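Asker: Using only what follows, build the 3D model:
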Amino acid sequence: MTCPSAATAFASPCRSAPDELHRQRKLLTGDDNLCTLLDAMPEFVMVLNGNRQILLGNRALTEFAASQGCDGFIGLRPGELLSCETAQAAVNGCGTGDECRHCGAVETILAALDGSQAAHECRIMRKVSDGVEALDLKVWGTPLSWKGGQFAIVVAADISHEKRRQVLERLFFHDLLNTAGAISTMTELLVSGYISFDESKHDLWETAQALVSEIRGQRELLAAESNELKPRFSLLDSRTLLESVARVHRNSDAGKLRQIVVDDDTASAWFLSDESLLTRVIGNLVKNALEASDHGETVTVGCRTDGATVAFWCHNPAVIPPDVRSQLFRRSFSTRGPGRGIGTYSVRLLTERYLQGRVSFASTPGEGTTFTVTYPVNPVADDAASNG
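Answerer: Below you'll find the predicted structure:
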């Protein structure tokens with residue numbers, strides 16, 4: 001067994017030596033009945049040793065590994081086989097990263113190796129060829145004593161479609177009601193005479209457009225997740241786009257109780273992007289900032305450019321707790337109850353997979369939280385041409 005000297009944030013970094021893996025695997029493969037039983041199960045099934053390494057996988061797991069270009073997975077840990085970005089970033093692999101402390105799969109595996117049955121849900125962001133992909137799993141773990149060896153049987157079921165449907169349905173109606181509510185409020189003020197038509201017509205038109213955009217946005221997000229989305233790049237002005245998003249959200253329920261300010265130093269820069277997708281990205285950042293802020297607080301948005309890139313940022317006074325930061329971009333994770341949790345996930349999905357950009361954030365006491373999305377002024381020519 002080898003134990004790297006580098007520290008781990010959660011589970012043991014130790015791994016079994018190749019000869020030990022071979023010995024343990026022979027204990028399992030020596031009985032055809034066990035292999036036949038595992039192959040009969042349609043979900044991913046694997047047998048792990050005490051160092052959380054895969055010794056045996058069923059047919060479903062083997063076929064999945066082959067589809068990912070992985071010819072051999074013996075000795076890997078589950079997150080490494082699944083291309084989990086946290087496992088890839090951790091020095092000692094799956095289970096040792098800071099974010100692994102919140103991973104339901106690691107918790108389940110550790111419990112099974114400790115002699116207890118367990119089951120947890122697990123949210124994974126996978127690194128794939130064209131960006132990131134969300135994977136929601138239900139993971140079961142059962143202790144296994146076999147020919148003098150102690151192992152864990154782990155079963156993983158993909159529940160991504162179920163989670164996606166639940167989240168998108170609830171989010172769709174939540175956002176639809178918010179935007180429709182803003183239109184209703186403005187029309188009530190108009191009818192009662194508190195505001196004039198000339199005062200409100202532009203805001204009313206923009207909010208109605210936002211309602212249509214929300215409906216289209218849900219369709220776009222579904223297409224984005226299934227790789228069917230085709231961005232349409234056009235020439236945009238950064239300040240005009242930002243001010244338009246700010247006006248729409250000032251009329252939302254959350255916006256009426258807080259201030260939305262466009263920073264005075266916001267750049268007015270021309271760049272190529274998909275207006276609908278980018279409006280959705282920035283809108284989600286503003287919406288999340290409003291919901292994280294207390295009544296009367298200010299959300300500030302701005303834009304800067306260095307000539308080659310254009311960066312939009314959104315700041316609010318709240319600080320994100322450390323245990324939340326590690327899960328921000330997972331599709332089903334939310335601090336606001338069931339059915340939420342798609343906002344920051346869609347920001348990253350649309351930005352990195354379709355808009356050729358990147359997402360970052362900083363959150364510190366006394367300074368608050370700032371999310372930044374950065375895009376090229378001129379996207380890759382082939383992509384822009386093919387999508388335009």
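Asker: Please report how far Gly30 lies from Thr279.
Answerer: 60 Å (Cβ to Cβ, to the nearest Å). Every C-beta, even on glycine, is put in place using the N, C-alpha and C of the backbone.
Asker: more crowded one of those two?
Answerer: Thr279 (21 against 11; other Cβ atoms under 10 Å).
Asker: how about the more buried one, what does it touch?
Answerer: By Cβ atoms under 8 Å, 6 or more residues apart in numbering, the residues touching Thr279 are Ser213, Leu241, Ser244, Val245.
Asker: Could you double-check that the third one lies in contact with Gln209?
Answerer: If I follow you right, that is Ser244. No - here Ser244 lies out of contact with Gln209, judged by Cβ atoms under 8 Å, at a distance of 9.1 Å.
Asker: Show me which of these two is the more surrounded one.
Answerer: The residue with more neighbours, out of Ser244 and Gln209, is Ser244; 18 against 14, by other Cβ under 10 Å.
Asker: now could you export just the CA positions of the strand or helix carrying that one as PDB?
Answerer: Element membership for Ser244 (DSSP states H and E) is helix 238-250. Taking C-alpha atoms only, helix 238-250 is exported to PDB below (Å, rounded to 0.1, in the frame of the first residue of the first chain):
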ATOM      1  CA  SER A 238     -21.900  45.900 -23.100                       C
ATOM      2  CA  ARG A 239     -23.400  48.800 -21.200                       C
ATOM      3  CA  THR A 240     -26.700  48.800 -23.100                       C
ATOM      4  CA  LEU A 241     -27.100  45.000 -22.400                       C
ATOM      5  CA  LEU A 242     -26.300  45.500 -18.700                       C
ATOM      6  CA  GLU A 243     -28.700  48.400 -18.200                       C
ATOM      7  CA  SER A 244     -31.500  46.500 -19.900                       C
ATOM      8  CA  VAL A 245     -31.000  43.500 -17.500                       C
ATOM      9  CA  ALA A 246     -31.000  45.900 -14.500                       C
ATOM     10  CA  ARG A 247     -34.200  47.600 -15.600                       C
ATOM     11  CA  VAL A 248     -36.100  44.300 -15.900                       C
ATOM     12  CA  HIS A 249     -35.000  43.100 -12.400                       C
ATOM     13  CA  ARG A 250     -35.800  46.400 -10.700                       C
END
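Asker: Return the set of buried residues in that helix.
Answerer: Ser238, Leu241, Leu242, Ser244, Val245, Ala246, Arg247, Val248, His249, Arg250 (16 or more other Cβ atoms under 10 Å).
Asker: quick one, what contacts the second one?
Answerer: It refers to Leu241. Glu275, Leu278, Thr279, Ile282.
Asker: Ok, the first one next?
Answerer: Contacts for Ser238 were tallied using Cβ under 8 Å, 6+ apart; they are Thr266, Ala267, Ser268, Ala269, Trp270, Phe271, Cys303, Thr305, Val310, Phe312.
Asker: Poorly predicted segments of the stretch 1-150 of the chain, please.
Answerer: By pLDDT under 70, the weakly predicted segments of the stretch 1-150 of the chain are 5-6, 130.
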